[in-house]
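In: this is a predicted model, with the sequence first.
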Amino acid sequence: MRKENGTLFVIATPIGNMDDISKRAVDYLSSVDEIYSEDTRVTKKLLNNYGISAKLNSFNARTESRKIEEVINKLLDGKNIGLVSDAGTPGISDPGIRLVNKALTKNIKVSGAPGANAAIFALSVSGFPTDSFVFEGFLPQKKGRQKKLMKLADEERTIVLYESVYRIEKLLNEFVNYMPHRLIAIARELTKMYEEVWRGFPANLLENLSERTLKGEFVVIIAPKNFTLD
């Protein structure tokens with residue numbers, strides 16, 4: 001008799017503060033047969049913090065394409081698999097969407113535990129309108145970048161971007177050229193001790209960049225056209 005398929009659990013993990021994880025997420029991490037994570041070293045620290053012993057496997061941008069079939073076969077064999085990223089919700093500018101799509105096409109149940117997400121949290125503390133926004137993740141590094149910036153300059157809704165410490169200065173310089181009069185909020189170290197949100201026009205933020213601590217990844221929020229601070 002054929003085994004029932006297992007379930008793929010997409011599990012959100014903290015974006016900084018270890019306390020930002022749901023009880024249900026901890027329960028899933030404790031009960032699944034195996035966990036696939038973006039960086040097993042990072043996930044191991046989280047599991048140790050909650051006294052969880054689980055088999056860990058790597059599942060990142062480099063290994064995703066060749067690991068999908070491996071995970072699917074385990075699910076078809078009846079194993080329950082947890083999927084996590086280094087921080088936040090898997091599949092949001094992190095590996096995972098292709099695996100979820102493949103599982104659904106194989107009639108494998110996909111569930112999980114919602115939780116922390118850097119984009120949504122940064123948006124909620126930016127002070128900019130949240131009723132209508134567009135999430136763009138990381139902009140293309142080379143091909144298509146200028147075209148994307150030109151399109152975003154005409155976008156009337158709030159815009160949410162991710163950027164690395166290595167390109168944040170470049171991005172602000174581009175904003176000076178493409179959208180100099182749009183208000184910007186830059187969030188760093190979210191949920192951590194040195195959490196900061198800087199707001200201002202691109203030129204002002206760029207001018208003060210040398211006085212800031214540049215570390216980690218940034219969430220960049222671009223206010224709608226014609227938005228002003230009261």
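Out: Structure's in. What do you need? Since we're looking at a predicted model, the values are computed, not measured.
In: in terms of pLDDT, where does the residue nearest the centre of the chain sit?
Out: To find the centre residue of the chain, average its C-alpha atoms and take the closest one (CA atoms, centre = their mean): that gives I92, at 4.6 Å. Predicted confidence (pLDDT) for I92: 91.
In: do you know how far it is from I159?
Out: 16 Å (CB to CB, to the nearest Å). Where C-beta positions appear, they are placed from N, C-alpha and C, glycine not excepted.
In: count the neighbours of F9 for me.
Out: Neighbours of F9 under the rule other CB atoms under 10 Å: 23.
In: for the helix or strand harbouring it, packing partners?
Out: Under the criterion of DSSP states H and E, F9 resides in strand 7-11. The elements that strand 7-11 packs onto, with contact taken as 3 or more CB pairs under 8 Å, 6 or more residues apart in numbering; DSSP states H and E, are helix 23-31, helix 64-76, strand 81-84, helix 97-105, strand 109-113.
In: ok, now with 10 Å
Out: In terms of contacts (3 or more CB pairs under 10 Å, 6 or more residues apart in numbering; DSSP states H and E), strand 7-11 is packed against helix 23-31, strand 34-37, helix 64-76, strand 81-84, helix 97-105, strand 109-113.
In: so what pairs up with Y36 in the strands?
Out: On the basis of DSSP bridges, Y36 is bridged to N57, L83.
In: quick revisit: who does the strand holding F9 pair up with?
Out: strand 81-84 (parallel), strand 109-113 (parallel).
In: kindly export the first one (C-alpha atoms) in CSV.
Out: In CSV, the C-alpha atoms belonging to strand 81-84 read as follows (Å, rounded to 0.1, in the frame of the first residue of the first chain):
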residue,chain,number,x,y,z
ILE,A,81,9.9,18.5,5.6
GLY,A,82,10.4,21.9,7.1
LEU,A,83,11.8,24.8,4.9
VAL,A,84,13.4,27.8,6.5
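In: quick one: distance of it to the chain centre.
Out: In terms of CA atoms, centre = their mean, to the nearest Å, the centre of strand 81-84 is found 15 Å from the chain centre.
In: just stretch 72-79 next, same as before
Out: Average the C-alpha atoms of stretch 72-79, do the same for its chain, and the two points are 26 Å apart (CA atoms, centre = their mean).
In: rewinding a little: wait, the residue nearest to the centre of the chain sits on N117?
Out: Yes. Between I92 and N117 a contact is recorded at 6.2 Å, counting by CB atoms under 10 Å.
In: what residues do the two have in common as contacts?
Out: When contacts are counted by CB atoms under 10 Å, 6 or more residues apart in numbering, I92 and N117 have A12, F135 as shared neighbours.
In: that concludes my questions; thank you for your assistance.
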